[in-house]
Each structure stands twice: as C-alpha cells, then as structure tokens.
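S.K.: Sequence isn't available, so here's the structure alone:
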C-alpha cells in the first residue's frame with residue numbers, strides 16, 4: 001500500500017478583493033473564500049503576491065503569531081536592487097519588535113489607559129461641539145465627513161499627543177500617501193521620509209519647549225535612558241499615519257451605517273444604554289480593515305495544507321474575520337444589541353492597538369454629540385456620498401446630510 005501523501009495543489013492566485021464601487025464593502029468574495037479557500041494567494045497592485053487569510057480562527061492566530069512581523073513599506077516589497085533596511089522606513093509601533101517595542105508600550109501605558117482616556121472625555125466632547133457649532137452654522141445639505149468626522153479624530157489626537165493641529169494640512173496628505181502604499185508604493189515611500197523629518201523636528205521642539213503631552217513625556221524618557229530616540233520617532237509616525245485616519249474611516253462608515261439601516265440612528269439616539277455594546281458592534285460590522293494589515297513570515301508556517309515560506313507576505317483580513325458566521329451569528333447583519341462580540345478590530349497579541357480605549361471613546365463621544373446636536377440627522381436625498389474606490393480600506397470621502405426637523409423643512 002502506497003502511504004506517500006498526495007501533493008498539495010498550489011493555492012490559486014486571485015486579484016486583491018475590493019469592495020463593490022460606491023460602498024464600504026465588504027468585498028463579495030469574503031464568504032466564498034472563508035468556505036472554499038480560507039488561505040488564498042492574492043495579486044497586489046504593487047506587483048507582489050501575498051497569502052490572504054479570511055477565517056476568524058486563522059486571522060486571530062496569525063495577528064498574534066511571533067513568526068510574523070510587520071515590514072516597513074521601504075522593506076516590502078523590495079525595490080529592484082534594494083536590500084531590506086537600505087533606508088529608514090515607516091517604522092511605526094507595529095513594526096517595532098522585542099525590547100524596543102516593550103519599552104515604548106510601557107511608556108505609553110498610562111496616557112492610553114482607560115483611566116486616562118476617561119479623564120479626557122470632557123476635552124474630547126468640547127472638540128466635537130466646537131466642530132459641530134461651525135457645522136450647524138452652515139447651509140444644508142452639509143458634508144459631515146469634511147467638516148466633522150475627518151477633523152474630529154485629528155483634533156483629539158493632536159491634543160493628546162502634542163502635535164500642532166494647524167500642521168494637519170501638511171501631514172494628513174502625506175500620511176494618506178503612506179497608508180495607500182499598497183497601491184501607490186513610490187508615493188508612499190517618498191511621504192515616509194517627509195513624515196520622519198517632521199516628527200523628528202517636532203521631538204526636538206518638545207525638548208526645547210516641553211509641554212503637557214505625550215511627545216514631551218517620551219522626550220523625557222529618552223533623556224532618562226529608558227527609551228531610545230527611534231522608538232519615540234516610531235510612536236510619532238504611528239500617530240501621524242494611524243492615530244486618526246483609521247478612526248476617521250470607522251466614524252464615517254459607522255455614521256453612514258446608522259443612517260442607512262432603517263431605524264438604527266433613532267434607536268441608538270433614544271436608548272443610550274445600548275451605546276457600549278453598539279460601539280463594539282459597529283467596530284465589528286464596519287469593514288474598514290479590508291486586508292490592509294501586511295505581515296511577513298520570518299520562518300515557514302503550515303496552514304490548511306499549504307506552506308507560508310519565510311519571506312512571504314501574509315494579509316490576515318480582520319474585516320472578513322469579523323463577519324465569520326461560525327463566530328458571529330448572522331454576521332452580515334448589524335445587531336446593536338449583540339452581546340457576545342469577540343471582534344478583532346483592534347488586533348490581538350503583542351501588537352494589539354494601544355489606542356483602543358481612545359478609539360472607543362472617540363466613537364462614543366462622536367455619536368453622543370450627533371444625537372444631542374443633530375437628532376434629526378439623515379442622508380441628503382439627491383446628494384450621494386462620494387467614494388474613493390481604488391483602496392481596500394473604504395469609507396465615504398463626502399457624506400452630505402440634512403439635520404433640520406423634517407416638519408420644519410417641509
């Protein structure tokens with residue numbers, strides 16, 4: 001009897017799944033891939049391929065697997081003739097490993113703790129109200145993304161971290177270029193050097209002119225020898241690139257979802273006891289993380305009869321995992337009363353999102369401010385949102401709304 005195992009057929013190579021045009025998604029392929037090909041190979045627009053994992057259990061394990069690291073966009077995919085590490089890349093907290101990463105997380109544990117974030121809630125609400133004051137002074141329909149949902153997380157992040165809000169016109173476009181590097185690699189790589197120069201100069205300014213903010217505290221840690229300069233730069237880059245943009249996308253998609261699902265906005269507006277669970281459900285349901293977490297194997301990994309080779313890229317798709325019906329009953333339906341909700345929106349393991357408490361607070365304050373100030377908020381008929389359809393991470397870049405009472409507008 002022949003006991004030689006049959007060879008495993010190579011994984012098919014598919015194009016990177018993208019959400020349908022004009023929607024937040026998720027891509028239609030998620031359900032089929034979870035059922036039929038939970039570890040596929042995708043062809044990325046930058047010319048590389050990556051392993052694409054879509055099931056909850058696999059994604060949960062992969063994002064915490066020490067055999068996978070997050071490369072900078074200067075290291076992966078490598079440019080022709082370039083060796084990894086030839087130049088400083090976008091080294092954020094996600095790319096830091098070992099003692100450097102542990103020391104930085106220790107230094108940040110207090111300012112990003114539940115207690116600290118809770119103490120900042122009045123300041124966060126004042127930021128929301130200040131933006132909404134100006135929004136309500138404008139004409140209807142108004143663009144809720146451009147005038148509130150986009151600047152709000154930037155304002156909150158800048159206030160906490162110590163980045164001048166007025167500088168956002170400079171760093172936001174460059175951060176977007178870095179985030180979009182999966183699609184526009186050269187532009188993203190060019191933006192990283194400019195962002196590094198900006199945060200380095202800002203840290204030097206904090207050394208000369210200390211303030212009550214996180215960057216100043218990190219400068220002190222560097223002076224005391226408990227933190228190295230590159231780790232402080234990495235944190236600053238994390239805040240510039242991911243400290244607000246992911247929140248902007250989550251907020252825009254969450255508000256659009258509440259305004260689109262019949263009765264959802266009014267239900268949460270009128271029953272604030274639902275808020276904590278509803279925030280978790282929106283974090284699960286909103287498919288922002290459509291395959292943009294790029295990891296790289298440092299040794300071979302066996303999964304579903306296939307071998308992820310050392311050096312291969314892996315995309316654990318958080319948005320697909322969060323819709324997996326084997327974990328979330330009726331996973332494609334928004335359930336504001338969902339009780340059991342172990343979503344993976346903030347990752348897990350050593351690199352779980354350190355800003356998760358702040359992100360939850362921002363969404364809670366954002367929604368409460370909208371409910372209080374714009375109780376009749378609704379989409380503006382005849383003015384559909386505008387989408388940027390080339391990115392795997394989808395949120396509306398405009399959201400025209402009306403807010404006056406319907407009877408008053410009649």
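M.R.: Here it is on my side, so go on. The structure displayed is predicted, hence computed values, not measured ones.
S.K.: what packs against the top helix by length along the chain?
M.R.: Ranked by number of residues, the top helix in the chain under DSSP state H is helix 185-208. Under the contact definition 3 or more C-beta pairs under 8 Å, 6 or more residues apart in numbering; DSSP states H and E, helix 185-208 sits against helix 168-179, helix 214-224, helix 229-241. All C-beta spots, glycine's among them, are computed from the backbone N, C-alpha and C.
S.K.: Out of those, which is closest to residue 399?
M.R.: helix 168-179 (17.5 Å; C-beta to C-beta).
S.K.: Can you tell me how far residue 210 is from residue 162?
M.R.: Using C-beta to C-beta, to the nearest Å, one gets 9 Å for the distance from residue 210 to residue 162.
S.K.: meant to ask about residue 135
M.R.: Taking C-beta to C-beta, one finds residue 135 at 26 Å from residue 162.
S.K.: can you pull out the strands in the stretch 201-350 of the chain?
M.R.: With DSSP state E, counting those that start in this stretch as the criterion, the stretch 201-350 of the chain has strands at 295-297, 301-303, 306-308, 313-316.
S.K.: and the first one, which strands flank it?
M.R.: The sheet places strand 295-297 alongside strand 68-69 (antiparallel), strand 313-316 (antiparallel), with pairing taken from DSSP bridges.
S.K.: and after the first one, which helix or strand comes next?
M.R.: Okay, so that is strand 68-69. Counting by DSSP states H and E, the next helix or strand C-terminal to strand 68-69 is helix 98-108.
S.K.: give me every residue that touches residue 220.
M.R.: Going by C-beta atoms under 8 Å, 6 or more residues apart in numbering, residue 220 touches residue 210.
S.K.: picking up where we left off before, any idea how far the longest helix of the chain is from the chain center?
M.R.: 20 Å (C-alpha atoms, centre = their mean, to the nearest Å).
S.K.: do the same with stretch 211-231
M.R.: With C-alpha atoms, centre = their mean as the basis, stretch 211-231 stands 25 Å off its chain's centre.
S.K.: and the end-to-end length of it?
M.R.: For stretch 211-231, the first-to-last residue distance is 19 Å (C-alpha to C-alpha, to the nearest Å).
S.K.: Next, the buried residues of it.
M.R.: The neighbour-count check on stretch 211-231 (16 or more other C-beta atoms under 10 Å) flags 213, 214, 215, 216, 217, 218, 219, 221, 222, 227, 231 as buried.
S.K.: List of residues touching stretch 344-358?
M.R.: 56, 59-60, 63-66, 70, 93-94, 101, 105, 108, 112-114, 117, 156, 160, 243, 250, 283-284, 288-289, 293, 318, 321-322, 359.
S.K.: my bad, should have said stretch 328-340
M.R.: Stretch 328-340 has contacts (C-beta under 8 Å, 6+ apart) with 257, 261, 264, 267-268, 274, 277-278, 280-282, 284-285, 322-325, 341, 343.
S.K.: and the buried residues of stretch 211-231, which two are the farthest apart?
M.R.: Maximum pairwise distance in the buried residues of stretch 211-231, criterion C-beta to C-beta, is 16.7 Å, between 213 and 231.
S.K.: I'd like the strands of the stretch 201-350 of the chain as JSON lines, with mean pLDDT and mean neighbour count appended.
M.R.: Formatted as JSON lines, the strands of the stretch 201-350 of the chain follow (pLDDT from 0 to 100; neighbours: other C-beta atoms under 10 Å):
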{"stretch": "strand 295-297", "mean pLDDT": "93", "mean neighbour count": "22"}
{"stretch": "strand 301-303", "mean pLDDT": "97", "mean neighbour count": "14"}
{"stretch": "strand 306-308", "mean pLDDT": "96", "mean neighbour count": "18"}
{"stretch": "strand 313-316", "mean pLDDT": "95", "mean neighbour count": "24"}
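S.K.: a markdown table please, covering those and showing distance to residue 27.
M.R.: Putting the strands of the stretch 201-350 of the chain into a markdown table (distance: least, C-beta to C-beta, whole Å) gives the following:
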| stretch | distance to residue 27 |
| --- | --- |
| strand 295-297 | 19 |
| strand 301-303 | 21 |
| strand 306-308 | 21 |
| strand 313-316 | 12 |
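S.K.: I'd like the helices and strands packed on helix 185-208 laid out as CSV, including distance to residue 399 and mean pLDDT.
M.R.: Shown next, in CSV, are the helices and strands packed on helix 185-208 (distance: least, C-beta to C-beta, whole Å; pLDDT from 0 to 100):
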stretch, distance to residue 399, mean pLDDT
helix 168-179, 18, 80
helix 214-224, 30, 95
helix 229-241, 23, 89
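S.K.: I'd like the ones you listed written out as JSON lines, with distance to residue 152 added.
M.R.: Below are the helices and strands packed on helix 185-208 laid out as JSON lines (distance: least, C-beta to C-beta, whole Å):
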{"stretch": "helix 168-179", "distance to residue 152": "12"}
{"stretch": "helix 214-224", "distance to residue 152": "19"}
{"stretch": "helix 229-241", "distance to residue 152": "15"}
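S.K.: And these: which comes nearest residue 190?
M.R.: With C-beta to C-beta, the closest approach to residue 190 among the helices and strands packed on helix 185-208 belongs to helix 168-179: 7.5 Å.
S.K.: who's in contact with residue 203?
M.R.: Applying C-beta under 8 Å, 6+ apart to residue 203 gives the contacts 215, 218, 219, 229, 232, 233, 236.
S.K.: hmm, 6 Å instead?
M.R.: Taking C-beta atoms under 6 Å, 6 or more residues apart in numbering, we find residue 203 in contact with 219, 232.
S.K.: repeat for the one 4 residues further on
M.R.: Counting by C-beta under 6 Å, 6+ apart, residue 207 makes contact with residue 219.
S.K.: how far away is it from residue 222?
M.R.: Remark: distance between residue 207 and residue 222 (C-beta to C-beta) = 8 Å.
S.K.: Next: residue 254.
M.R.: Distance from residue 254 to residue 222, by C-beta to C-beta: 37 Å.
S.K.: Spit out the residues that contact residue 210 and residue 162 alike.
M.R.: The overlap between the contact sets of residue 210 and residue 162 (C-beta under 6 Å, 6+ apart) consists of residue 216.
S.K.: Settle it for me: which of these two has more neighbours?
M.R.: residue 162 (23 against 14; other C-beta atoms under 10 Å).
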